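What shape does this take:
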Amino acid sequence: MAVIGLDLGATKLAGALFGGDGAILERSGALLEGRAGDDVGRLVVTALRELLAAAEARGESVAAVGASVPGIADRDGTVWAPNVPGWERYPLRDALAAEAGAGRAVAVESDRACSILGEVARGCARGCRHAVFLAVGTGVGAGVLVDGAVLRGARGIAGAIGWTGLDRPYRDVYDERGGFESHASGFGIARVARELLRESPEHQGPLRAVVPARLSAHDVFAAHREGDALAGRVVANAVECWGMAVANVVSLFDPEVVVLGGGLFGPAAAELDRIVAEARRWAQPVSFARVVVKVSALGPEACLIGSGELALQAARGM
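Residues are numbered from 1 along each chain as shown. Alright, predicted model coming up:
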């Protein structure tokens with residue numbers, strides 16, 4: 001038995017043909033290149049078609065398809081993906097099922113849910129039944145596994161941890177992305193850096209050389225490594241927020257492991273000890289004494305591997 005996993009991100013699509021043991025047999029990939037609406041849908045369907053053809057050439061029988069999406073996957077298979085224009089309620093599962101054909105299960109999940117599935121199947125949460133994946137990239141999300149099952153919530157929105165309140169008083173800047181994400185996502189780190197640069201016209205460190213409109217979180221981490229004091233303040237703020245977020249999920253869910261992943265872990269992996277120290281201050285102490293906090297073992301592959309695991313689960317449930 002083989003399955004197909006598809007990982008749709010904000011800028012690219014990755015796909016793979018998986019064997020029944022979860023090993024990757026074939027890969028595919030494409031850039032979105034500004035596509036929107038049905039054009040993105042067609043790109044995903046084309047990737048599925050190519051992987052089905054690759055499976056046939058290998059003599060493999062595909063039992064199911066799993067897809068990871070950067071947003072909310074509703075129970076009816078529609079997707080809201082804020083970084084894909086025109087995907088307010090895109091019928092992705094129907095589109096994939098039409099290409100997959102009868103007899104093949106199709107499952108669609110959020111990228112945060114697929115990330116924790118990937119880590120549990122083949123990463124540093126392997127074998128766990130209670131685990132949390134804290135994904136930190138352009139945005140922030142959490143994949144939560146409770147008693148072996150992904151926590152989805154009433155509308156598939158569970159894990160939208162970017163909206164966690166970690167600061168007060170409330171500021172208007174939190175309206176669009178939430179308090180946590182406005183401070184400690186890729187977007188938030190760049191926003192905080194620009195704000196501090198405006199407030200500190202005397203600052204002349206490496207960060208000052210970056211054009212503000214183009215400043216990214218990776219620029220902040222690079223300047224921090226060069227000893228830029230203002231960048232250090234931005235990173236320290238993010239570390240405090242990440243530590244508080246880890247503490248909150250430990251206190252709420254009592255997991256065996258918390259995995260830090262996404263595009264910023266990455267450069268933020270060097271801050272793990274500081275994050276753990278901060279989390280220890282805030283967390284329920286009995287639970288925190290027993291939890292393990294790790295950086296993702298799978299890196300950018302977590303979502304793709306998780307989409308394969310999603311497909312394997314769908315195949316077993318047929």
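
what about Ala14, distance to Lys294?
As for Ala14, its distance to Lys294 is 23 Å (criterion: Cβ to Cβ, to the nearest Å). Every residue, glycine included, has its C-beta placed from N, CA and C.

Which one's more surrounded, those two?
Ala14 (20 against 17; other Cβ atoms under 10 Å).

give me the element that one is part of.
When elements are defined using DSSP states H and E, Ala14 is found to belong to strand 12-19.

Flag every buried residue along that strand.
Across strand 12-19, burial judged by 16 or more other Cβ atoms under 10 Å covers 13-18.

Stretch 132-150 now?
132-145, 150.

List just the nearest of the residues you listed to Ala95.
Using Cβ to Cβ, the shortest approach to Ala95 within these belongs to Val150, at 22.4 Å.

Quick one: name whatever helix or strand follows the helix or strand encompassing Val220.
Assigned by DSSP H and E, Val220 belongs to helix 217-225. Scanning forward in sequence from helix 217-225, with DSSP H and E defining helices and strands, the next element found is helix 229-253.

same for that following helix, what does it pack against?
Helices and strands touching helix 229-253, by 3 or more Cβ pairs under 8 Å, 6 or more residues apart in numbering; DSSP states H and E, are strand 131-136, strand 140-146, helix 179-184, helix 186-199, helix 217-225, strand 257-261, helix 272-282, helix 285-290.

Just say which of those is most tucked in.
Neighbour counts (mean count of other Cβ atoms under 10 Å) averaged over each of the helices and strands packed on helix 229-253 peak at strand 131-136, with a mean of 30.

quick check, distance from it to the centre of its chain.
7 Å (Cα atoms, centre = their mean, to the nearest Å).

ok, now stretch 53-68?
Between the centre of stretch 53-68 and the centre of its chain there are 25 Å (Cα atoms, centre = their mean).

can you check stretch 303-317 too?
Put simply, stretch 303-317 sits 16 Å off its chain's centre (Cα atoms, centre = their mean).

tell me the average confidence for it?
With pLDDT averaged residue by residue, stretch 303-317 scores 94.

pretty sure Val295 contacts Val257?
No - applying Cβ atoms under 8 Å as the test, Val295 and Val257 come out as separate, 11.3 Å apart.

what is in contact with the two at once?
Cys124 (Cβ atoms under 8 Å, 6 or more residues apart in numbering).

Thanks a lot, catch you later.
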